[in-house]
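Trainee: Need coordinates for the below:
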Amino acid sequence: MKAALMWPFALVLAFILMAFVTTAYFLQVQTRDRALSERVSAVAKLVDQKLDKDTKLMRAVVHTMQGIPALTAAFSSQDRRALLREAGPLFQSLQDDYRITHLYFNSPELVNLVRIHSPDEYGDVITRDTTVQARQLNVPIHGLELGALGTLTLRLVAPWQSAQGVVGYVEMGEEIGHLLDEIHKTLTVDLFVLVDKEFLPAQQWHHGLALLQRQGNWNRFEQQVVVANTREHPPAAMNESVLAALRTGVTHVFKQDDQTLHLAMLSLDDASGRRIGDLVVMRDITGLQKSFQRSITGVTLMSLLVGAFVLGLFYFALDRVERDYQRQHDLEHQLLRVGTEHARILQIEKLSALGTMVGEIAHQLNNPLVGVVNLTQLAQRETGNPQRTRELLAEIRHAGQDCHAFIASMLRFAKVSKFECHPTDLAQVVEETVLMFRQTLRHQMPVELVFPEEKVVLLMDAILLRHALFNLLLNAAQATDDESPVVISLQAQPHPETGAPGWRLAVRDHGKGIAPEILDKVFTPFFTTRHEGTGLGLPVVQHVALLHQGFVTVENLPEGGTQFAVWLPQTTTTNPVPTHS
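Mentor: Okay, the predicted model is just below:
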């Protein structure tokens, strides 16, 4: 007997422990992914802030330059030597102190007069978007652009105004390498700027590498090339398939040597709003991953120990039950031999009554307790949101109070005349029951409420009525195979015989209906058509309705489905109708 019960219990316990460990694992993964997502958001915010700060700095510098008469005179006369003489020291200071890497002076026709940072290159027409827009709109324009040497640069192009009008355009820029270094130091992440090869010819990129004395690998990726980075080389595992997955918004984790790396991606747009590449954010989570593995190992070992302890307790409990059962069995045989038929029947009746009471308590307590478990799981997922956690804990406390009150009601079952009625908003009772039903059900079944506009307040025991309505909702859900909604309606309806005012609370499903031959048996205790059913749900509904001086009806609807309706009087007293035990 023990072996027959131990194996199923052990399998169920193993399943529960496995589910617990799996849940802990996925919670850890979610925490890890959320941490990277926060870093990525911080990177995007820092990039915007630093670009905005540097743009304001360049605007201030350009404004100051326009106030230098000698520089304005040199620009107006398009004197290259004078521009180099006047702007050269200023550019050197900007380069040393503020990492400004580019300073152009262009004619009104956008022909380059002089590159202060590269004096030997001039005379070409500048056709970049920032320059063209500054000329068209006659206002300063800024943004990220690819340079002629394959570098990604923050540029500011502003018209140079004089008394005679626009004498030309001044362009200032800084490469974003230092910006990546600052973000790397601030957030402890590595960054890789990848530009699509369609926007950067290979010859131009190689020329830039040679001129700037940099290293790079044009063939590292098929469609993109690294133009800036905070780590010497991209990880070997960062390939085309990984980049394609990152572009969809997911993250990627892989190991390289003794490191565990976590990747995410941001889109990179230029000054015209065109996507030119991607910014890959890489975080070293080696320490976090080791801590994660230790946690999972600890949780697994703890689960195994708890499982072994529970299994041992269950074994000893079964052993004791088996001994008690054997003693009871022997005693029954003795009673059968020395007792009368009346004593035997009386014993059976007592056991039946006890079984009925235990079955009803188990059936009624299971519903809110399942909701408590689901609410607890929600609270665990919302640990970062204290307000939501407090709301879920309030729901858990409310469910616990309901269980306590129901147990008190069951203990006073023999004295049902003392059940407690209070003026209660019927709509509130229904809404609370629907919330608990949604938390209990594994899949989200839609529930529609059809209520009158006025507030309906009746004298009732809200706890018992909530249990009755929950049983009707559960039956409706079990009778519905598709995603059709369960409809709860409330409408005024007089008593069909006495005409007394009252309200009809109906629960309708869209299932197959109830077979006509069993329709009159649904309120019979212990009658059920489901293998796992107890046959106590609908009798409890009928009993609650009678306590409130109401009644319950059931009918198969012509259009399909079944409707249970609880009629409640408009005004009740605190004394229920007499019942017989």
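Trainee: Quickly note the distance from Val170 to Ala35.
Mentor: 44 Å (CB to CB, to the nearest Å). Any C-beta I mention is one placed from the backbone N, CA and C, and that applies to glycine too.
Trainee: Look at those two and report which has more neighbours.
Mentor: When Val170 and Ala35 are compared on other CB atoms under 10 Å, the one with more neighbours turns out to be Val170, at 24 against 14.
Trainee: How about the more buried one: which residues does it bridge to?
Mentor: Assessed by DSSP bridges, Val170 has beta-bridge partners Phe105, Ala158.
Trainee: swap in Leu194?
Mentor: Counting by DSSP bridges, the residues bridging with Leu194 are Val226, Asp278.
Trainee: Check whether it really touches Asn229, as I assumed.
Mentor: No: contact criterion CB atoms under 8 Å: Leu194 and Asn229 do not qualify, at 9.2 Å.
Trainee: Name the residue in those two with the higher neighbour count.
Mentor: For Leu194 versus Asn229, neighbours defined as other CB under 10 Å are more numerous around Leu194 (24 against 19).
Trainee: which residues touch that one?
Mentor: Neighbour list for Leu194: Phe221, Gln224, Val225, Val226, Val227, Leu243, Leu268, Gly277, Asp278, Leu279, Val280 [criterion: CB atoms under 8 Å, 6 or more residues apart in numbering].
Trainee: same check, this time on His510
Mentor: Counting by CB under 8 Å, 6+ apart, His510 has contacts Thr480, Asp482, Ser484, Pro485, Gly560, Gly561.
Trainee: Helix or strand: which one has the closest residue in space to the second one that isn't next to it in sequence?
Mentor: If I follow you right, that is Asp482. In this structure, Asp482 finds its nearest non-sequential neighbour in His510, 7.5 Å apart by CB to CB, 6 or more residues apart in numbering. Using DSSP states H and E, His510 maps to neither a helix nor a strand.
Trainee: Could you do Ala565 as well?
Mentor: If you go by DSSP H and E, Ala565 is part of strand 562-569.
Trainee: next one: Ile463
Mentor: Per DSSP H and E, Ile463 falls inside helix 462-479.
Trainee: which secondary structure elements does that helix contact?
Mentor: Where contact means 3 or more CB pairs under 8 Å, 6 or more residues apart in numbering; DSSP states H and E, helix 462-479 is packed against helix 341-381, helix 386-411, helix 426-440, strand 486-492, strand 502-508, helix 537-547, strand 562-569.
Trainee: Off-centre distance for that helix?
Mentor: 29 Å (CA atoms, centre = their mean, to the nearest Å).
Trainee: for stretch 191-199, same thing?
Mentor: Relative to its parent chain, stretch 191-199 has a centroid offset of 32 Å by CA atoms, centre = their mean.
Trainee: next one: stretch 20-40
Mentor: On CA atoms, centre = their mean, the centre of stretch 20-40 falls 11 Å from that of its chain.
Trainee: what's the answer for stretch 368-376, then?
Mentor: The answer for stretch 368-376 is 19 Å, by CA atoms, centre = their mean.
Trainee: Quick one: mean pLDDT over that stretch.
Mentor: For stretch 368-376, mean pLDDT rounds to 79.
Trainee: With only the CA atoms kept, save it in PDB.
Mentor: The C-alpha coordinates for stretch 368-376 follow below in PDB (Å, rounded to 0.1, in the frame of the first residue of the first chain):
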ATOM      1  CA  PRO A 368      -9.100  31.000  -3.000                       C
ATOM      2  CA  LEU A 369      -5.900  29.100  -2.100                       C
ATOM      3  CA  VAL A 370      -5.200  28.600  -5.800                       C
ATOM      4  CA  GLY A 371      -5.700  32.400  -6.200                       C
ATOM      5  CA  VAL A 372      -3.300  33.000  -3.300                       C
ATOM      6  CA  VAL A 373      -0.600  30.900  -5.000                       C
ATOM      7  CA  ASN A 374      -1.000  32.800  -8.300                       C
ATOM      8  CA  LEU A 375      -1.000  36.200  -6.500                       C
ATOM      9  CA  THR A 376       2.200  35.100  -4.700                       C
END
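Trainee: now the helices and strands packed on helix 462-479 in CSV, with mean neighbour count and distance to Val321?
Mentor: Output for those, formatted as CSV (neighbours: other CB atoms under 10 Å; distance: least, CB to CB, whole Å):
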stretch, mean neighbour count, distance to Val321
helix 341-381, 14, 15
helix 386-411, 15, 24
helix 426-440, 19, 30
strand 486-492, 18, 40
strand 502-508, 21, 40
helix 537-547, 21, 28
strand 562-569, 21, 39
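Trainee: before we move on, back to that, which other helices and strands does the strand holding Ala565 contact?
Mentor: Packing partners of strand 562-569 (3+ CB pairs under 8 Å, 6+ apart): strand 457-460, helix 462-479, strand 502-508, helix 537-547, strand 551-556.
Trainee: would you turn these into TSV with distance to Pro201?
Mentor: Shown next, in TSV, are the helices and strands packed on strand 562-569 (distance: least, CB to CB, whole Å):
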stretch	distance to Pro201
strand 457-460	79
helix 462-479	64
strand 502-508	70
helix 537-547	76
strand 551-556	77
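Trainee: re the thing from before, go through the helices and strands packed on helix 462-479 and name the closest to Thr524.
Mentor: Closest to Thr524 of those is helix 537-547 (CB to CB; 7.2 Å).
Trainee: Could you tell me the angle between the closest one and helix 462-479?
Mentor: Interaxial angle, helix 537-547 versus helix 462-479 (axes from the mean of the first three to the mean of the last three CA atoms, to 10 degrees): 150 degrees.
Trainee: now helix 537-547 against strand 502-508, angle please.
Mentor: Following the same axes, to 10 degrees, one obtains 170 degrees for the angle between helix 537-547 and strand 502-508.
Trainee: which helices and strands does helix 537-547 pack with?
Mentor: On a contact count with 3+ CB pairs under 8 Å, 6+ apart, helix 537-547 meets helix 341-381, helix 462-479, strand 551-556, strand 562-569.
Trainee: hey, least reliable of the ones you listed by pLDDT?
Mentor: helix 341-381 (a mean of 60).
Trainee: Tell me where the model's unsure across the stretch 401-550 of the chain.
Mentor: 405-419, 439-443, 531-534 (pLDDT under 70).
Trainee: Repeat the analysis, applying 50 as the threshold.
Mentor: For the stretch 401-550 of the chain, applying pLDDT under 50 flags the ranges 412-417.
Trainee: Could I get the full set of helices for the stretch 51-200 of the chain?
Mentor: 69-76, 80-98, 129-137, 177-187 (DSSP state H, counting those that start in this stretch).
Trainee: closest to Leu110 out of those?
Mentor: helix 129-137 (5.9 Å).
Trainee: residues of the closest one that come out buried?
Mentor: Buried positions in helix 129-137, judged by neighbour count with 16 or more other CB atoms under 10 Å: Asp129, Thr130, Thr131, Gln133, Ala134, Arg135.
Trainee: And these, which two are furthest apart?
Mentor: Taking CB to CB as the measure, the buried residues of helix 129-137 have their most distant pair in Asp129 and Arg135, spaced 10.9 Å apart.
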